[in-house]
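Trainee: Please work out how this folds:
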Amino acid sequence: MAIKENVLGVKEIDCSDGLNTEDYNQIDPGILDCFPRAEYPVNLFHWKENIRVLSPVYRTGREVDRHLRAKVRDLSEKGLLFFSRNQIQDYAACVACNLDTALDDPNLTWDEKAGVFIGELGRRQEAVFLNPMARELDDLQKAIESLSVYLVEDSTRMSKVVHDVHSNIFPQRRRINASLLALAVYLEMNKGEIFLETLEIVALGFFLYDIGMSKVSPMMLSKAQQLTPPEKRTVREHPKVGLEILGKLNLTRLEITEPVIQHHERINGTGYPNKLKDDRIGQLGRIAGVADSYCAMITGSPHRKGIPPINAAAELVTNERQYDQVVCRTLVRFLQTVTK
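Mentor: Model prediction:
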């Protein structure tokens, strides 16, 4: 494939040796519907079959008028509209507005689809934490429904969904990382017994497990100094605050409330807010607690640096007094399947 310039000075891509589908992908009408109407996110090309050339149709930054929109739509319906995979990140970010479409998009690899999910789930999770209202909750639930369908079809896809957890251990990623890891452990522990409706509810509980922290001052959490006793008491109340938020959203099912109220409880009764111990802590609460602790260890805080994943895993599996060891060992086995 070579670049050539026509007599008008317009650069075209010569594909006389055949269209390289590894470099350019087709855009069908369903994908086109995800694009903003005023400005497209990627450069667009017209595949001219008779001369086997990709001719530029649109460059990013240009305003899209109705004539161009109609032309692009026509080319897409005829299977003649393409974009360069050099812009796959911009393309994927745009397609993320419709996760069902992204899942079916042949232009995205499974790793790219997983990246779309992580980004969009994180964005919608954060929106609920910032404004826990019905509209934001509905957006998160829709994303979780798409993810659940994706995972019910093949639970091993979870390793792709969280493949970059250890490459993105920034503080702002801690919550989404813990939610994903909790869901991964749940899938591993319940193989062969996963049903779509149940998975959707369980996943929602994991993605809301830390919602009580939305009412704790960010300035308090980012302090370089150790928290004062009153500040520590405020932080330790966040599971109860989270439960109150769930009540206002009419989210009362045990699968949702358990991770929220129990993720800081410990097997030996030293946790909070209710000092539950042993069997009084449910499976979902135990899973959320392990995932949250693991991500806290590898992420770090203003008071301490994060530790290597292998050290965090070792700390969990040797702390039998506080953590459910079935959950811990399941997490470690799962992490062994995940690459950076």
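Trainee: tell me the contacts of residue 329?
Mentor: By C-beta atoms under 8 Å, 6 or more residues apart in numbering, the contact set of residue 329 is residue 317. Heads up, the C-betas are built off the backbone N, CA and C, glycines and all.
Trainee: tell me which element it falls in.
Mentor: Using DSSP states H and E, residue 329 sits in helix 325-335.
Trainee: tell me the mean pLDDT over that helix?
Mentor: Helix 325-335 carries an average pLDDT of 93.
Trainee: State the pLDDT value of the residue most central in space within the chain.
Mentor: Nearest to the geometric centre of the chain sits residue 118, at 1.8 Å (C-alpha atoms, centre = their mean). For residue 118, the model assigns a pLDDT of 85.
Trainee: Hmm, residue 160 and it touching each other?
Mentor: No - counting by C-beta atoms under 8 Å, residue 118 does not reach residue 160; the two are 10.0 Å apart.
Trainee: List the buried residues for the helix holding residue 329?
Mentor: 327-328, 330-332, 334-335 (16 or more other C-beta atoms under 10 Å).
Trainee: pLDDT weak spots in the stretch 201-340 of the chain?
Mentor: 302, 339-340 (pLDDT under 70).
Trainee: now the strands for it?
Mentor: All strands of the stretch 201-340 of the chain, identified by DSSP state E, counting those that start in this stretch, fall at 300-301, 304-305.
Trainee: Among those, show me which one is buried the most.
Mentor: strand 300-301 (a mean of 14; mean count of other C-beta atoms under 10 Å).
Trainee: gap between it and the chain center?
Mentor: On the basis of C-alpha atoms, centre = their mean, to the nearest Å, strand 300-301 sits 21 Å off its chain's mean C-alpha point.
Trainee: Counting by contacts, list what that strand packs against.
Mentor: Contacts defined by 3 or more C-beta pairs under 8 Å, 6 or more residues apart in numbering; DSSP states H and E place strand 300-301 against no helix or strand at all.
Trainee: can you put the strands of the stretch 201-340 of the chain in CSV and add distance to residue 177?
Mentor: Output for the strands of the stretch 201-340 of the chain, formatted as CSV (distance: least, C-beta to C-beta, whole Å):
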stretch, distance to residue 177
strand 300-301, 13
strand 304-305, 17
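Trainee: what's the closest of those to residue 62?
Mentor: Within the strands of the stretch 201-340 of the chain, the stretch nearest residue 62 is strand 300-301; the backing value is 44.1 Å (C-beta to C-beta).
Trainee: Okay, now the sheet partners of the closest one, with direction.
Mentor: Strand 300-301 sits in its sheet next to strand 304-305 (antiparallel), going by DSSP bridges.
Trainee: Helices along the stretch 1-150 of the chain, start to end?
Mentor: Applying DSSP state H, counting those that start in this stretch to the stretch 1-150 of the chain gives helices spanning 29-32, 66-77, 88-95, 99-104, 110-130, 134-153.
Trainee: Can you say which of those helices is nearest to residue 303?
Mentor: Across the helices of the stretch 1-150 of the chain, closest to residue 303 is helix 110-130 (C-beta to C-beta), at 22.1 Å.
Trainee: Please report the distance of residue 128 from residue 207.
Mentor: Separation of residue 128 from residue 207 (C-beta to C-beta, to the nearest Å) stands at 8 Å.
Trainee: more neighbours, these two?
Mentor: Between residue 128 and residue 207, counting by other C-beta atoms under 10 Å, residue 207 is the more crowded of the two (29 against 22).
Trainee: which residues touch the residue nearest to that one when sequence neighbours are not counted?
Mentor: Nearest in space to residue 207, with sequence neighbours left out and distances taken as C-beta to C-beta, 6 or more residues apart in numbering, is residue 179 at 4.7 Å. By C-beta under 8 Å, 6+ apart, the contact list for residue 179 reads 121, 125, 206-207, 209, 291.
Trainee: again with residue 39
Mentor: 60-64.
Trainee: of all the residues you listed, which comes closest to residue 265?
Mentor: Among the contacts of residue 39, residue 60 lies closest to residue 265 (C-beta to C-beta), at 50.6 Å.
Trainee: How much space separates the closest one from residue 273?
Mentor: Distance from residue 60 to residue 273, by C-beta to C-beta: 51 Å.
Trainee: cool, residue 235 as well?
Mentor: For residue 235, the distance to residue 273 - C-beta to C-beta - is 11 Å.
Trainee: follow-up on the earlier one: okay, and the common contacts of residue 128 and residue 207?
Mentor: Taking C-beta under 8 Å, 6+ apart as the criterion, residue 128 and residue 207 both touch residue 140.
Trainee: re the thing from before, with distance to residue 173 added, can I get the buried residues of helix 325-335 in TSV?
Mentor: Compiled in TSV, these are given as follows (distance: C-beta to C-beta, whole Å):
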residue	distance to residue 173
327	22
328	22
330	22
331	17
332	21
334	18
335	16
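Trainee: doesn't residue 204 make contact with residue 284?
Mentor: No - between residue 284 and residue 204 there is no contact under C-beta under 8 Å: 11.2 Å.
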